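Colleague: Predicted structure and sequence below. I'll ask about it afterward.
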Amino acid sequence: MGAAEDQTSVERVLSGDTSAFEGIVRRWQGPLVNLAYQFCRDRGRAEEMAQEAFLRAYRSLDRWRREAAFSTWLFALATNLYCSELRRIPLRTVPLDDVAEPRDIRAADGGLENEDRDRLVRRAVFALPPKYREALILFYFHDMDVHSAARSLGLPEGTVKARLSRGREMLRSKLSQRRLPLQLTKEA
């Protein structure tokens, strides 16, 4: 299952069985909508963006060179589309300094509740400039490694590493102003 099933479905579509694309959509719809949501934070817009990604993938299936897994190719196509879409119609962003403090800022032990901290960090990520936000979303929220994130963004790995580093630095700076430590669990 997985890569072999994707390969079979693509071959069937390319040989004229367009109904085989339904299996691809079924397998990848959730992940593509979730990826789009991480970019736009709007469920309806995420579904529309994922639908457009599937349409583009269908039209471009013959361009998948099979050098990488189908999922890598599909996520790269989707990521490029999502980035273009957000450049065309940007997110309404709020400056990080204007992000409201969580309701119950202190837990019983004097620390920030995990859920509130996670929410605040996510808001802070979404307030970053797009080039840093995109790298952080793929690396941390979609658990991609640097190589996969670089392929998805169409950038050299060194550029992605630099953006991750700069993005983390920006987050640490903004969150330390609020006396919140940045605790990212993986480093590039």
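Modeller: Thanks, I have the structure now. Numbering: from 1, shown residues only.

Colleague: in the helix or strand of the chain with the lowest mean pLDDT, what counts as buried?
Modeller: Least confident helix or strand of the chain, by mean pLDDT, DSSP states H and E, is helix 114-126 with a mean of 77. For helix 114-126, a neighbour-count test (16 or more other Cβ atoms under 10 Å) marks 116-117, 120-122, 124-126 as buried. C-beta: built from backbone N, CA, C; applies to glycine.

Colleague: cool, and stretch 32-46?
Modeller: Neighbour-count burial for stretch 32-46 flags 32-33, 35-40, 45-46 (criterion: 16+ other Cβ under 10 Å).

Colleague: Please list the outside residues in contact with it.
Modeller: Around stretch 32-46, the neighbours that count as contacts under Cβ atoms under 8 Å, 6 or more residues apart in numbering are 47, 49-50, 53-54, 74-75, 78-79, 82-83, 85-86, 91, 126, 134, 137, 141-142.

Colleague: same thing but 6 Å
Modeller: The contact list for stretch 32-46, computed with Cβ atoms under 6 Å, 6 or more residues apart in numbering, reads 47, 49-50, 53, 78, 82, 86, 137, 141.

Colleague: Can you flag the buried ones in those?
Modeller: For these, buried by 16+ other Cβ under 10 Å: 49-50, 53, 78, 82, 86, 137.

Colleague: of these, closest to residue 174?
Modeller: Closest approach to residue 174 among the buried ones among the contacts of stretch 32-46 (Cβ to Cβ): residue 137, at 16.8 Å.

Colleague: need the contact list for the closest one.
Modeller: Contact analysis of residue 137 by Cβ under 6 Å, 6+ apart lists residue 38.

Colleague: before we move on, back to that, dump the buried ones among the contacts of stretch 32-46 to a markdown table, plus pLDDT, distance to residue 69 and secondary structure.
Modeller: Listed next are those as a markdown table, based on pLDDT from 0 to 100; distance: Cβ to Cβ, whole Å; DSSP: H, G, I helix; E, B strand; the rest coil:
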| residue | pLDDT | distance to residue 69 | secondary structure |
| --- | --- | --- | --- |
| 49 | 94 | 22 | helix |
| 50 | 95 | 19 | helix |
| 53 | 96 | 16 | helix |
| 78 | 94 | 14 | helix |
| 82 | 90 | 19 | helix |
| 86 | 82 | 25 | helix |
| 137 | 86 | 20 | helix |
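
Colleague: Walk me through the domains of the chain.
Modeller: Structural domains assigned to the chain are 3-88, 96-177, following automatic domain parsing.

Colleague: among these, which gets the worst mean confidence?
Modeller: The weakest mean pLDDT among the domains of the chain belongs to domain 96-177, with a mean of 77.

Colleague: ok, back up a step: now, the buried residues of stretch 32-46 that are in helices?
Modeller: Mapping the buried residues of stretch 32-46 onto helices (DSSP state H) picks out 32-33, 35-40, 45-46.

Colleague: Tell me the one of those nearest residue 164?
Modeller: Ranked by distance to residue 164 (Cβ to Cβ), those are led by residue 38 at 15.3 Å.
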